[in-house]
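Asks: this is the structure alone, sequence omitted:
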């Protein structure tokens, strides 16, 4: 739907007042009898090169150095990146202490509701299932309850999983 110049100025005024996209959508319908989807309103505002109140990015507080992230896997980050991903020496693929290697396989048949799934064998020889859900969230499902993979294996697992999934696309 095309708006005339007067209508565009009115929408710009609503943005200046601090209205969000849903409020603009409601006012377009009630005051101008223009029916638009939320996405259409979003495109309209983008075309007018305006930034509505609900799309402004909130300022993130500066992280305190005392609250440095943990080096190992956490529930929020099960596949932590190595400390220096662009470093001189690549991460070793063998776990010297366990003598084993981390190996990842992608299942040709994906579990229902998942984007990808497969299995991983850690350096200690324990095999676990893994999956990535439709939102891109990875999960590790050990066969033994309470099992925790060796800490050094998690970055290797993340790297190998990424390499395997690159081949899928």
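Replies: Arrived safely, thanks for sending. Quick caveat: nothing in here was measured; it's all calculated off a predicted structure.
Asks: for the rest of this, base every contact and every neighbour count on C-alpha atoms.
Replies: Will do.
Asks: center of the chain, which residue is that?
Replies: When the chain is reduced to its mean C-alpha position, the closest residue under Cα atoms, centre = their mean turns out to be residue 136, at 6.1 Å.
Asks: ok, that residue touching residue 115?
Replies: Yes - applying Cα atoms under 8 Å as the test, residue 136 and residue 115 come out as touching, 7.4 Å apart.
Asks: helix, strand, or coil at the residue nearest to residue 143 when sequence neighbours are not counted?
Replies: Nearest-residue entry for residue 143: residue 128, 5.8 Å, with adjacent residues in sequence omitted and distances by Cα to Cα, 6 or more residues apart in numbering. When classified by DSSP: H, G, I helix; E, B strand; the rest coil, residue 128 comes out as strand.
Asks: cool, the one 3 residues further on as well?
Replies: Put simply, residue 131 is strand when judged by three-state DSSP.
Asks: for it, which residues count as its bridge partners?
Replies: With DSSP bridges applied, residue 131 shows beta-bridge pairing to residue 117, residue 139.
Asks: burial count for residue 119?
Replies: Other residues near residue 119 number 19, with proximity taken as other Cα atoms under 10 Å.
Asks: just give the nearest non-adjacent residue to it, would you?
Replies: Using Cα to Cα, 6+ apart, the closest residue to residue 119 is residue 129 (4.3 Å).
Asks: is it true that the one you found touches residue 118?
Replies: Yes - under the criterion of Cα under 8 Å, residue 129 makes contact with residue 118 at 5.8 Å.
Asks: tell me the domain ranges of this protein?
Replies: By the assignment in automatic domain parsing, the chain contains the domains 5-55, 73-80+91-168.
Asks: doesn't residue 140 make contact with the residue nearest to residue 143?
Replies: Yes - using Cα under 8 Å, residue 128 makes contact with residue 140 at a distance of 6.8 Å.
Asks: one step back: can I get the domains of the chain in a markdown table including mean pLDDT?
Replies: Conversion of the domains of the chain to a markdown table gives the following (pLDDT from 0 to 100):
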| stretch | mean pLDDT |
| --- | --- |
| domain 5-55 | 82 |
| domain 73-80+91-168 | 82 |
